[in-house]
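Chemist: Fold the following, please.
(2 chains)
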Amino acid sequence: MKLKNVMTLALAAFACAPLAEAQDAAFKAIVLLPGEKGPQEVTIASVDGKGGFQYVKRGTAERYQMNTSACGMFFIPTPAPLAEAWSDYRSGDNAAARKGFAAVKKAYAPYAALPNSPAMQAAMGELCCAVRMQDWKAVKALSASFPVPANMLLPADQVRLKAASIIGGIADGAKSEAQKKAVTELMKQKGVLKQTDAETYGWLRYAVADACAAEIPADQLQGTIAADKLKLANEAIDNFCQCVMSSHSATRPLPENALNRAIGLMWALPGVKEYAASAPTPMTGPAWASAPANFKDAVALANYLKVLYPAQKGSAPNELADKLAAFYYNARQGSSKNKKK
Amino acid sequence: MNSYTTAASVIAAMALSLPLVCQAQDPLSSLTQVKALSKAGKVQEAVTLCDKVLKRFSNPKSATARQFAYVLPFYAWEKANCYFQAKDYENAYNAFKAFTEDKRWQDPSLQALVKAKMPSQPEGYTPFLTYGIFQMGNCRYKQGIGDDKVKGDPTKFADAITCLERYLGLLQRNKVSATERKQKMDGSVCFLLLQAYLLKPEPDFAKAAEYLEKSRESRGRVPDSMAMDGLNTIVNVALSNPDNVGWVYKLIEASPASYNLDPARAGRNANKFLNLANKAYKLVDAALDENNTSLAADAARSSAALFGLVADTASVRSMLSAQVKALGKYNRPMPDRGAGVVLNASQARKLLQSYNQIATDNMELDGFAVLGNTTMAHAMGSNRLAKGGFQVVFDRYGQISRKNDAGELQPMRNTIIFQLAQLSYATGDEAAGVKYDGMLEGEDMGEQNKTLAFNKMNRLLKAENWAEVIPAAKEVMEAFKDDTKNKFYVSAQYTIVAAYYKMGAIQELIQSATELLEGGNLAPGSGKERLTPAQVTTYKSMTFYFLMDTYTRAAKEDPTMRDKALAVFDIYAKEFTSTDMKENPLGPNMYFSALANLMNRASHSQDEAAAAADNAKALEYCKHICANWTEHELYPSAELMAASIILNGKDDAAKPAAIDSLERCADAALKLREGKGLATAANALFWLYSYSLDLERAGENEDARKARVKTYIERFWKEADYEGNAYALQASALQLIRAESKEEYEAAIKRNQEVIAREATYAFKHNTTNPDLEKTINTYVDGYVTGSEKHLGKKLTLEEKAQHFNNFAGIDPADKYTNAIFRMALISSMNQELAALKDDKAAQDKLNNDIERTFREMTNTFKPADLTNFICVQVGDYLVSYVGKFAEPSSKTEEIATAVTYYDAVLERKQDMVAEATLGKANALAFSADAGQQQQAVALYGQVTGNADPLISGPALQGLTTLHMRSGNPNEAIKTARAFLANRANTRGRMEMNLMLGQAYTESGDTKNALLGYMNLFNQNKGAILYSAQACQRIMEILWKRNTPSSGDRIKGDFKASDRWNAWSTGQVYVNQIRKAGIDKKITPAERDEFNKVINAVKKYAADPAVQAEDKANKAFKSRLQK
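Modeler: Numbers count the residues shown, from 1 in each chain, chains lettered A, B, ... in the order given. Okay, here's the model as predicted:
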C-alpha cells in the first residue's frame, strides 16, 4: 500500500487560487476569446439558442457578440446550488436533489441553450430524480418539455432523454409490445448502445417489465397467474432482473422496486405459494434440491433484496420478502470441498 | 508547490535581498547547499552541514551568530525535511519533534525578527511550529505503513494518531497559521487518522467511521487519490477480519460524497473500485462455501457497494468530452469551485483517450462490474438475477473482452452465451437455452464442452430424437471418460439404454443395459459430481425395466426371451425388496410385467403343470401389487389379471373371488386421473356382466344375482363407455343375446345400433378396422331378425332386412368395410335361414335366389377399386371365410373368383398389404377344384411361407399343408406341417397342425410317426376335447387297421396285447377319464360331436369277439394273480 505525499496532494488544489471567486448573481463564464492570450471571466448577457451569446467584460458595460464555437475556451463554472443538487443526487437523496435541480433549472433557464449549461444539467438531473422516484407522470411531463433540444445534450444525456420518454409511457399504461418495440428501435439507432449508460439501460428494461406485468390481471397478480399469462409474467420477471443487474448496485430506488416486483410476480407463479405452504423452515438440503425452480428463485430474490437492499429507517415492513427469505438455503455450502485443487 | 513546504525555498528567495557577509560563513549559501545535497541524495552530508551551521551560529556571544540567528530555525526545519525526503522517518520524526519543542524558536522576539527581515513571508517560520506536529504524525504514519523497502510497523500508528489528532485539534480551533488555514487540510488529516485507526494493531472502525464523517464535514476537499487510498485501506483491513467485513459497506454508505463521485472523477478510479469489489467478492464466494451466511452477506454488501462505484463508460466519456470541449485550448488547471474540483484539459483528454481505448477494446469496466454483480447474485442462489445480468452483458457489452496472461484480448462472448444457455434451462426457458446452445455449436469451450455436450444430449432427449441422442450421449461419455463414476457419465450411459429402448433396438438395448447394470458405475457417491442414492435407484430400476420389457417384446419372435425377461425380474426382485415407492419406484411395473410374462408363457405352454405353476406365480404377483400399491395406476390392471387367472383356472371354488377382484378393479380404474382407467374399467365391467350370472356369491339368491349383474351393464354404459371402447361391441351383442323381453330386446337393439354406428365410424375415421365389429354385426343381424319374430311377432321380408341393413343408421356410406360386413352378415343370416328350411323346396329356391341376388348386389356395390388395400383384403378374407364354411367350398366358384379380384386389386397396386393379399389369394385358389388354380395357390403360398411375420407365414404353411392333403400329397404336407410346428412363433392352430401331420403320416404309410404324433397330442392335451378326442379316434383307427395280434406269455411276463384290444382300451380309458373328471359335462357341441365319435368307436370295438376274448383272458389272469 502506498500513500502519496499527503501535503503535495492536498496543496495541489490551491495552485490557481486567484481565479476562485464567489459566484456573482449574474451569469458568468470563463472564456478564451479569439486573439486573447488568456482566459477571462465575462458576464453572459443573452444567448441565441444556436451557440451565440452576448457578453459583457469585467468593468465595462458594452455588449459583445460571440459564438461558443469561436472561443478557445468556453467554461461555465458550476453554480453552488447545482453542485449541491448533484451531491444530493449522488448521495441518494433524490427528493432534495430534485428540488435543487428544479430551482437551478428555473434560475438559469435563460442560459439553458449553452453547452452543458447549468439549466441543462439541472433539467437532466431533475428528470433522473423523477425516474428514480418512479414519478411517471413527472417523467412524462419533464421529458416532453425538456428545456433544450436533444441534440444540444451530451451524447449519454441524449439517450437518457429518449429512454425517459419511453419509461414515461408507464404513466399511460404502455403495452408490452409497444414498449419492446420502442426499446428495440432506440437501441438499433446508430451509436446509441455505446452511449447508453447502465442506469439508463436499466430504465428501459424496467419499462418493458412494467408493461408486461401491467397486462396481467390484478386478481392473478394477487393470486395465481393463469397459463396464458405465464409468458408475460416470465418476461416481466426477466426484465425486472435485468434492470436490477444493469444498475450494478450504483443506485437504489428503481432496482429495489424492480426486485420487489419480480418477487411479487414469482410468488404468483403457479406452485410457488403452494409449495411455500408446506415447505420446511429452515429448508434442508434435500428439500431445497427437490423444491420447484420458481420457488427457489423467489426465495433467492428475496434473500438478495434483504442482503443488498437492507430496509432503511422508517421503511414499511416487506412481509413477502421476509416470508420468502426465511426459506433461504445456501446451496453452495460445502462446495469448496468439491472444488478441484 | 507551496512556498512553505521547504525552508530552502524560503531562504533561497531571501538570499537575493540579504547582504553577502562571508562566503565561508554564509549561512544562506549553506542552506542552498543543503538543499542541493539533499536533492542529490547526500542526506548525511546535508544534515551534517545543517548541524555545522546550527552549531556555529548558536553561540549567543558571537556577533555573527546573533546577526544570523533568525535563519537558524530554517536550518533546523530543513534538517528534519532532509530526513523526511530521504524517508528516514525515525530521524525526521525526532528532528521535527526537536524543532517543535525547541524553546528558542518559540521566542516571540525571534519570530518578530524573522518577520521583519522577511517581508515577503509575513508569517516567518511560525507555520513550522504547528506544521511540525503534523509532520511528526506523518512520519509515524509512514513508519506504520512502511514502503517497498521497509516493512511497516503498526505500533507507530499510536504516535501518528496522537500527533495528527493534536494537529487536527489545532486546525479546528484555528490555532494554526494563516497559511495552514488556507490549505484547508482538515479533510486530509481526517483521512490519515481514518487509516491510522484502521491500520493499527487493533483496528478501530468506529473511530475510522468518525473521521470519515468528519472528513466530509471538514473544510476543503479531500483529494480523490487520498480518498482512494483511504478506501483501499478500509477494504483491505476490513476484509482481513470477518468481524470487520461489513464496515466497507457501512463506511461507503456513511460517506457517499467521498466516493460517489461525478463520472469524470469516478472514471479515474474505476479500475481500483473494480479490483476492490472483486476482492470483496472473493470473500463472498469463500464465505458461501463455508456456509458463513452472515459473513457472506456483509461481504456481498461491501462488494456490491464497491461495484456500484465503478463509473459507467458512456457517462465518463460523455462528461470528459464536455470538459475537453469546454476547456478547449486552455491547458492549465481550471478550478471549478462550485463543484470543488480542479479541471485539467490535458488530463481529461488523456483519460478520455483511455476510455475510448477501453471502449474500442471492449473492456468496459462497468461491464465487468455488471459481470461481478451477476456472478455474485448467482453464487447467492439467484438464477433469475444471474440470467438477467448475463443478458445485460450480452446485449450491452456483447464483445466484452479481458486480457490474458500474454496481454492479448480474449473475448468472453462464448462464456456469456454459455451461461445464458445454462440459466435459461434452469429458469424453464427451454427455447432460449436451445437458442444459446446453438450459438456455441462448433466452438471450443474447453471444460465447458462437457456441459455443452450434456446439454446437447438433454436437448435431443427431450425432443425424443433417439437416433441422434445416442452419439450425443457417447460424446458426453467421451468427455467424462476419465471419471466413469461421474454422474454425467452414468447419465449418458443410461440415456443410451433409454434411447435403444425407445428405438426398439433389442440387441443394442440388451448389451448397453447389461453393461450399465454390471459395469460398476451405477453406484452412489459423495459430492456433487456423484450420483445420489435416489438417482441410482431411478437409473437402476428403469434399466431393469427396459431390459425386462425388451426381452418381453423379443419374446414375440423368440419365446425363449420370455424366460430371460423373467430371469431379469428375479434379479430385480431380490435387489428391490421394498414396497416403498421411493425405494422401489418401478415395483408395480416390474411385477406387472413379470405376471404378464408368466401368463403369456402359461397360455403357450404344452406342459400343463408348468402352465399352472406360472399362473399361480402370476396370481401371487397380482396379489403383491394389490396388497402394496393400491394407489398405483397398475393396481386396477393387477386386479383384472388376478380375476382373469382365477376365472381361467380350474379351481371353481375360487372363482367367486374373481368377482370381488373385478369390482375392485372397476372402482379403482374409474378413479384414475384423466380417464386413464376407462378401458380397464370397461373390461372389468364387461367381464363382470359376462361371468357373474354363473358365479354364485355366498348368501345371494338368483334374483339378487341377476339384479347385481344388471348393475354391471348399467355401470358399463354409464361410467366406462367411450368412443373406441374395445368392449362396447361385445357388451352390446351380449346384451342382445340376453334379451328376454320385448323391452329388453328393444333396448338392446337400440344400444347395438348406436354402438355399431359409433365404433364403425370411429374405426373408419382412424382408417382401421375393429375385428369385433364383424362378430357384433353378425350377432345383431341374427338377433334383429330372430328377435323381431320372437319378441315383436314380425317376420321381416328380404326388402325390409335390406332396407335396414344396407342403410344402417349412423354408418357412413363411404365406409365400405362396415357396409360390406352388413351385406355379408345379411347373407350369413339368410344362409342360416336356408339351412332351417329342410323340406320346403320352394322356399329354399326362393331364399337361394335371394342370397345370390344379395351377394351380387354386394359385389356390384363394392368394387375393389373403391376400397383401400386393407378393406380389399378384409372383404376378400371374408369371402374366403364364407366359402370355407361350406361343405364343398370348391362349388363356390363365383365367390372364389370375386375374392381373387379383391386380392388382385391389392397386388396390382403393389403398395401395402401385398403379403396379406398373396396369402388371401392363395387361400381362395386353394378352395378351387381346378388343378391349375391349386398349383397357382401352391406357388403363392411359397411366396409367403418365409415371411418374417408369423401371422403371414404361419397361415401360409397351414393353407399349404391343407392343400397338399387335399390334393393327395401327404409327403409335401409332412414337410410343411413340420416347418409350421418348428417355428414356435406359430402359436395359433398348432393342435390342428399336429392332427394334420398325423393324418399326413398315416396317408404316407408311416404309421409309426403317425401314432407318435397322435400320442403326443393326445397325452398332452386331454383336456382340449376337440383335439384329444380326434387324436384318440385316429390312434384307435390306426391300431385297429394295423391289427397286430397279441404275443408272448402272460405268466412269463412278455405278453403283448393285440392292436385291436389296445385300440379299444385306449378309447375306453380316455372316455372314463373324461367322464370321471366331469369334463364331458362342460364341452361345446363341436367337442361333444368328437367325443361321441370316440364313444361310438369304443362301443363298436368292444363288440368285437376277439377283443372281448382277449379282455376276458386279461381279467381272468389278473383275477388269478389277486388270489
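Chemist: Please give me every residue in contact with B:Thr162.
Modeler: B:Thr162 makes contact with B:Gly137, according to CB atoms under 8 Å, 6 or more residues apart in numbering or on different chains. Every C-beta, even on glycine, is put in place using the N, C-alpha and C of the backbone.
Chemist: How about the one 4 residues further on?
Modeler: With contacts defined as CB under 8 Å, 6+ apart, the neighbours of B:Arg166 are B:133, B:137.
Chemist: could you redo the last one with a cut-off of 7 Å?
Modeler: Residues counted as contacts of B:Arg166 (CB atoms under 7 Å, 6 or more residues apart in numbering or on different chains) are B:Ile133.
Chemist: wait, is it part of a helix?
Modeler: Yes: counting by DSSP: H, G, I helix; E, B strand; the rest coil, B:Arg166 falls inside a helix.
Chemist: and the gap between it and B:Gly132?
Modeler: 11 Å (CB to CB, to the nearest Å).
Chemist: Neighbours of the residue in the stretch 301-450 of chain B that chain A sits nearest to, how many?
Modeler: At 3.0 Å from chain A, B:Gly388 is the closest residue in the stretch 301-450 of chain B, using CB to the nearest CB. Applying other CB atoms under 10 Å in any protein chain shown, we find 30 other residues in the vicinity of B:Gly388.
Chemist: overlap in contacts of B:Arg166 and B:Gly132?
Modeler: By CB under 7 Å, 6+ apart, no residue touches both B:Arg166 and B:Gly132.
Chemist: Can you read off the pLDDT for B:Asp285?
Modeler: You'll see B:Asp285 listed with a pLDDT of 90.
Chemist: three-state assignment of B:Gly699?
Modeler: coil.
Chemist: mind listing the helices in the stretch 151-300 of chain B by residue range?
Modeler: Under the criterion DSSP state H, counting those that start in this stretch, the stretch 151-300 of chain B contains helices at B:157-172, B:178-183, B:186-199, B:205-217, B:224-239, B:246-254, B:256-259, B:263-289, B:293-309.
Chemist: could those helices be laid out in TSV, adding distance to A:Ala61?
Modeler: Below are the helices of the stretch 151-300 of chain B laid out as TSV (distance: least, CB to CB, whole Å):
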stretch	distance to A:Ala61
helix B:157-172	44
helix B:178-183	34
helix B:186-199	42
helix B:205-217	42
helix B:224-239	41
helix B:246-254	50
helix B:256-259	41
helix B:263-289	37
helix B:293-309	48
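Chemist: which of those helices has the lowest average pLDDT?
Modeler: helix B:256-259 has the lowest average pLDDT among the helices of the stretch 151-300 of chain B, namely a mean of 59.
Chemist: Measure how buried the closest residue to chain B within the stretch 201-341 of chain A is and give me the count.
Modeler: Relative to chain B, the nearest point of the stretch 201-341 of chain A is A:Cys241 (3.0 Å; CB to the nearest CB). A total of 32 residues lie near A:Cys241 under the criterion other CB under 10 Å.
Chemist: With B:Leu678 instead?
Modeler: Neighbour tally, B:Leu678, other CB under 10 Å: 18.
Chemist: mind listing what B:Phe134 touches?
Modeler: Shown in contact with B:Phe134 (CB under 7 Å, 6+ apart): B:164, B:167.
Chemist: Before we go further, it is sitting in a helix, right?
Modeler: Yes: assigned with three-state DSSP, B:Phe134 falls within a helix.
Chemist: pLDDT wise, what is it at?
Modeler: 93.
Chemist: Would you mind giving the secondary structure of the residue of the stretch 1001-1123 of chain B found nearest chain A?
Modeler: Proximity of the stretch 1001-1123 of chain B to chain A (CB to the nearest CB) peaks at B:Gly1023, 55.1 Å away. Three-state secondary structure (criterion: three-state DSSP) places B:Gly1023 in coil.
Chemist: Tell me how far it lies from B:Met991.
Modeler: Distance of B:Gly1023 to B:Met991, computed by CB to CB: 12 Å.
Chemist: Those two - which one has more neighbours?
Modeler: Comparing B:Gly1023 with B:Met991 by other CB under 10 Å, the one with more neighbours is B:Met991, at 18 against 12.
Chemist: give me phi/psi at the residue nearest to that one when sequence neighbours are not counted?
Modeler: Of all residues not flanking B:Met991 in the chain, B:Tyr1027 sits nearest, at 4.2 Å (CB to CB, 6 or more residues apart in numbering or on different chains). Dihedral angles of B:Tyr1027 (phi, psi; degrees, to the nearest 10) stand at phi -100, psi -40.
Chemist: Contact partners for B:Ser788?
Modeler: For B:Ser788, the contact set (CB under 7 Å, 6+ apart) comprises B:794, B:796.
Chemist: rerun that using 8 Å as the cut-off
Modeler: Counting by CB under 8 Å, 6+ apart, B:Ser788 makes contact with B:794-796.
Chemist: Would you mind putting the residues you listed into TSV with pLDDT, secondary structure and neighbour count alongside?
Modeler: Written out in TSV, the entries for those read as follows (pLDDT from 0 to 100; DSSP: H, G, I helix; E, B strand; the rest coil; neighbours: other CB atoms under 10 Å in any protein chain shown):
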residue	pLDDT	secondary structure	neighbour count
B:Lys794	85	coil	11
B:Lys795	85	coil	10
B:Leu796	83	coil	17
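Chemist: Verify the contact between B:Asp285 and B:Ala379 for me.
Modeler: Yes: applying CB atoms under 8 Å as the test, B:Asp285 and B:Ala379 come out as touching, 5.9 Å apart.
Chemist: Chain B: strands as residue ranges?
Modeler: Along chain B, counting by DSSP state E, strands occupy B:334-336, B:341-343, B:401-403, B:409-411.
Chemist: so what does the last one touch, helix or strand wise?
Modeler: Identification of packing neighbours for strand B:409-411 by 3 or more CB pairs under 8 Å, 6 or more residues apart in numbering or on different chains; DSSP states H and E yields strand B:401-403.
Chemist: The strand it packs on near chain A anywhere?
Modeler: No: if you take CB under 8 Å from any CB of the partner chain as the test, strand B:401-403 misses chain A, and the best it gets is 15.1 Å.
Chemist: That strand packs against which elements?
Modeler: strand B:409-411.
Chemist: And the contacts of the strand it packs on?
Modeler: With CB under 8 Å, 6+ apart, strand B:409-411 has contacts from B:361-363, B:399-404.
Chemist: pLDDT on it, on average?
Modeler: With pLDDT averaged residue by residue, strand B:409-411 scores 88.
Chemist: starting at the chain centroid, how far to that strand?
Modeler: From the chain centre to the centre of strand B:409-411 is a distance of 36 Å (CA atoms, centre = their mean, to the nearest Å).
Chemist: Partner strands of that strand and their direction?
Modeler: strand B:401-403 (antiparallel) (DSSP bridges).
Chemist: quick one, what contacts B:Ala300?
Modeler: If you count contacts by CB under 8 Å, 6+ apart, B:Ala300 has them with A:307-308, B:284, B:376, B:380.
Chemist: which of those sit farthest apart?
Modeler: Farthest-apart pair in the contacts of B:Ala300 is A:Leu308 and B:Val284; separation 11.0 Å (CB to CB).
Chemist: Quick one: neighbours of B:Lys481, just the number.
Modeler: Neighbour tally, B:Lys481, other CB under 10 Å: 10.
Chemist: Model confidence at it, what's the number?
Modeler: At B:Lys481, pLDDT is 90.
Chemist: Could you measure from it over to B:Lys474?
Modeler: 10 Å.
Chemist: Over to A:Asn257?
Modeler: A:Asn257 is 50 Å from B:Lys474, by CB to CB.
Chemist: These two: which has the busier surroundings?
Modeler: Set A:Asn257 next to B:Lys474 and count neighbours by other CB under 10 Å: A:Asn257 wins out with 19 against 16.
Chemist: Please, which helix or strand holds that one?
Modeler: Using DSSP states H and E, A:Asn257 maps to helix A:253-268.
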